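# the following block contains a protein sequence and its predicted model.
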Amino acid sequence: MRKYCFSLLAAIFLLFSFTMKAQAADDSIDDQASLLTSEEVLQLKEAIRPIEAKTKARIFIVTNTDNDLDSTRFADYYMLDRIGKNQNGVTFYIDMNQRKFIISTSGNMIDYLDDKRIENTLDDIEPSMKNGNYFQAAQSFLENTSDYFDQGVPGGHYRVDTETGKITRYKALTTTEMIISFVAAIVLSGIFFAVSISKYQLKFGTYKYPFREKSSLDLTRRNDTLINSFVTTRRIPRNNSNGGSGGGGSSTHSTGGGTFGGGGRSF
């Protein structure tokens, strides 16, 4: 009976998780400007599901015709209202009123889509936007987002707060660095093992340490009394090194108390 109840609860949990994931993708398209056909909306939703699954981030495509707010701020506030402050997400926003298209990033997507990758994505999207092929533009946005996530955070990555000038650096291990570290660990372990064997001349399975002949026990009663205690503090200086070369940076700004990255263009 207990095993049956556990299986039933597990099945309910899996069904609930699947339903939530499906609903997440279903509300990712907000085409207020009616730029997409119903078939195109379905295709984009199908493309969004695997991207959200692997990135653990929400993906939004939004269009409208009546926005008077700054386009970038609108995209930021839209995502802020949908997922909250500094949560993982990226929004592709088409502002038909101001003729702009915006990519807004939040959470760890700021790091995956740095300024250079954003510009490359905008380059790919721009021709479709100018030709009025908004479905192709959305597809290009999704393809680039997926590909750049697969490539990982660029080496030597950093964030630049455009309002304060503060720079925050991140260290991401490259595949080459991980391989070198793994090989070095194996080599050092082998050297240590060989030195230990050579030093003590151990023979596996036959050597036994004569602990009875070489051990002694001396018990002494001792009382410790605490007289005073001291706490020493020291300020650790910040590391001002470059943190690697060849990395890309992400420009960030604050909207509604949240941190966002991204970029945009007119069409």
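Received the coordinates, thanks.

# show me where the stretch 151-267 of the chain has strands.
158-161, 167-169, 249-255, 258-266 (DSSP state E, counting those that start in this stretch).

# partner strands of the first one, parallel or antiparallel?
Note on strand 158-161: by DSSP bridges, its sheet partners are strand 167-169 (antiparallel), strand 249-255 (parallel).

# closest one to residue 73 among these?
Residue 73 lies closest to strand 249-255 among those, at 5.8 Å (C-beta to C-beta). Placement of C-beta: from N, CA and C, glycine included.

# got the contact list for that closest one?
Contacting residues not belonging to strand 249-255 are listed as 73, 76-77, 80, 105, 110-111, 113-115, 157-163, 259-261, 263 [C-beta atoms under 8 Å, 6 or more residues apart in numbering].

# are any of the residues you listed buried, and which?
By neighbour count, with 16 or more other C-beta atoms under 10 Å, the contacts of strand 249-255 hold 73, 76-77, 80, 105, 110-111, 113-115, 157-160, 259-261, 263 as buried.

# list of residues touching stretch 51-61?
By C-beta under 8 Å, 6+ apart, stretch 51-61 touches 21, 24-25, 28-31, 44, 48, 78-79, 82-83, 87-93, 107-109, 112, 138, 141-142, 145-146, 149.

# end to end, how far does it reach?
With C-alpha to C-alpha, to the nearest Å applied, stretch 51-61 spans 13 Å between its terminal residues.

# do the same with stretch 167-184
OK, stretch 167-184 end separation, C-alpha to C-alpha: 32 Å.

# tell me, what residue is most central in the protein?
Geometric centre of the chain, nearest residue: residue 108, 3.6 Å, by C-alpha atoms, centre = their mean.

# contacting residues around it?
With C-beta under 8 Å, 6+ apart, residue 108 has these contacts: 57, 88.

# got the contact list for residue 104?
With C-beta under 8 Å, 6+ apart, residue 104 has these contacts: 72, 75-76, 78-79, 90-91, 93, 260-262.
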